[in-house]
Structures are given as structure tokens and as C-alpha cells.
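# Coordinates for the following, if possible.
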Amino acid sequence: MSAPTLPPVRTQSDRRRPGTPRRSESSAPVTVRGLRVAYGEHVVLDGVDLDLHPGETVALLGASGSGKSTLMKSLTGFAPVTAGSVRVAGFDVTAARGRDLRRLRAEVGQVFQQFNLIPRLSVLTNVLTGALHSAGPLNLVGGFSGEHRKLAMHYLDRVGIAHKATEPARSLSGGQQQRVAIARALMQQPSVLLADEPVASLDPRLADSVLDLVRGIAAEYRIPALVSLHVLPLALRHSDRVVGLRRGRMLVSAPTSELDDARLLPLYDHEDDGDDDLD
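Just a heads-up that it's a prediction; the model follows:
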């Protein structure tokens, strides 16, 4: 399927219309400095620095309780920032409220371990829900423009399941459902893609194919992808850079080509396990 004719890239002040996922105007669409997240006396993240650059896939590693999920939540304002600064797609996350917070979250495409599809709805309709933030008055009556539908079919083709567009989501395999979730995230025209354990419920063969797809999309659309993983070989095969957390602190930040299992194993200190059920 050929790609639809897409409108030019717009600034954040412009009203969003269907188009290709937007390239950030910043060299680093995500910039985190000195991030600290605490719930009362319990410190989950402490002194975390992170940059995510256009087109790169970054694997986020760490044992249970290391702060991986909390770091991802802090990028969209779902975790309280106790200290430090977080900027995503031009927004100051710590200061964003109301409309600005909604606009920020619309800039971040998210993929989860649970696919969060609506089982009875068609694959195409599930993908179209990713455009609700930009559909304007149309979404009040449950409709989408022809341009939205064309774009949704383009993304379904990109993830390899356009032939399933009219089938109910519940009829798809796990790997196919995750591809639908990725296409839905792309419908947001995101500046950043976050994937929190996206292959934890898939078998190894499907895990490889989904992560290969995510990395290819990040490179093709020039948006950074931050992917939380537990399996070291998957991280080493499907990322450009690895960021590793232990007990809320960044222990590793290096190009994947410079790393191996031996350098990453210290992330999985057993003392971390179960230490933080917020992660």
C-alpha cells in the first residue's frame, strides 16, 4: 500500500491534522536532568539524567523495583517529580497542567504489555482511536474523516496486518494485537514512543519481530523509542543504546555496541527484587 499524501510538519501551536509522526524540532525530544521521584520517604528515582534523540531506540533495563516504570510515567506526568527537570516534545512536564498536560500526553505514543484493545471492535477502529485527540468535533458523533481512515490503513500496512483491518481485535493472535497497538500509537503522530514491557507476553520469535518493528519505525519516522525490557539478549539485539537502573539510580548509559551481558548483569542485583511495587 502506498503512503498517503501527508501534510507538512507543523509547530506545536498549530492544530494537529492527520499526517506522518512528527519530527521534533529539538535535537533531543526528551531531556531529563537530576530527576528525583519520591513517595513520602520512599525514593523511587534519584539523580536520573536522560536524553532521547530522534530515530534511536533505547532499551531501558533493570530489576523489578529499579524504577523503570516510574521513569516512563514521569515523562507523561503520571509520576510526581520531586526534584529535577523533565522536558518532553517541548513541554516542561513538571509545570504542565490541564490543557498543556493533555497536549503533552498526545505527543507520546505508548505501547504496553497488555494490548489494551477493545476486543469487539474492528482492527481499523481500534487504530482510529489513536486519532481521537486530533479528530476534533468528529469524535463527538463517533466518526473519522476519510483522511484519518486512509492514514490508519497506511499504518496497519506498515505493521504488516492491513489484511486484518475489518476483523474484530479479539480474533487476532498476541503478536498481531501488539502490532495493532503500535499502529494505534502511530495515529497520534507522536514525538516520542514509549513501550513498557511490550513483548513480555509474547513468545521469543514474536518478541524479536515486534522489537524489530519498533526499532524500524523509530528510525523511519525519526522519533525516539524508549523500550522497557527484562531480557538482556533482546535488549542487545534491538536497541541503539542501553540505559540501566538499579535502586532508582542510573548505573548504565552506553551505546549497545559497547555492552555485553557481563556489563549488564550488575543491574540485576537480587537485593532489588520486590523493593518497589510502584515500578
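
# Please tell me how far the closest residue to R105 other than its chain neighbours sits from A131.
Distances taken as C-beta to C-beta, 6 or more residues apart in numbering put T76 closest to R105, at 5.3 Å, once the chain neighbours are dropped. For every residue, glycine as well, the C-beta is placed using N, CA and C. Between T76 and A131 the distance, using C-beta to C-beta, to the nearest Å, works out to 18 Å.

# wait, doesn't A59 sit right on H238?
Yes - under the criterion of C-beta atoms under 8 Å, A59 makes contact with H238 at 7.2 Å.

# on that earlier part again, quick one, which of T76 and A131 is more surrounded?
A131 (26 against 20; other C-beta atoms under 10 Å).

# Pull up the gap between that one and L124, please.
12 Å.

# hey, what's in contact with both of those two?
A152 (C-beta atoms under 8 Å, 6 or more residues apart in numbering).

# need the longest helix for this protein.
The longest helix of the chain (DSSP state H) is helix 204-221.

# Not counting its own residues, what contacts that one?
20-21, 23, 55-57, 111, 158-160, 173-175, 178-179, 182, 186, 193, 195, 198-199, 202, 223-225, 227, 231, 234, 237-240.

# what about burial for those, which qualify?
In terms of neighbour count (16 or more other C-beta atoms under 10 Å), the buried residues within the contacts of helix 204-221 are 20-21, 55-57, 111, 158-159, 175, 178-179, 182, 186, 193, 195, 198-199, 202, 223-225, 227, 234, 238-240.

# So what does the spatially most central residue of the chain have for phi and psi?
Centrality entry for the chain: nearest residue to the mean C-alpha point is L194, 1.5 Å, by C-alpha atoms, centre = their mean. Torsion angles at L194 (phi, psi; degrees, to the nearest 10) stand at phi -110, psi 130.

# For it, give its distance to R158.
19 Å.

# Could you do V192 as well?
18 Å.

# do L186 as well
7 Å.

# Check T82 too.
39 Å.

# Repeat that for G90.
G90 is 26 Å from R158, by C-beta to C-beta.
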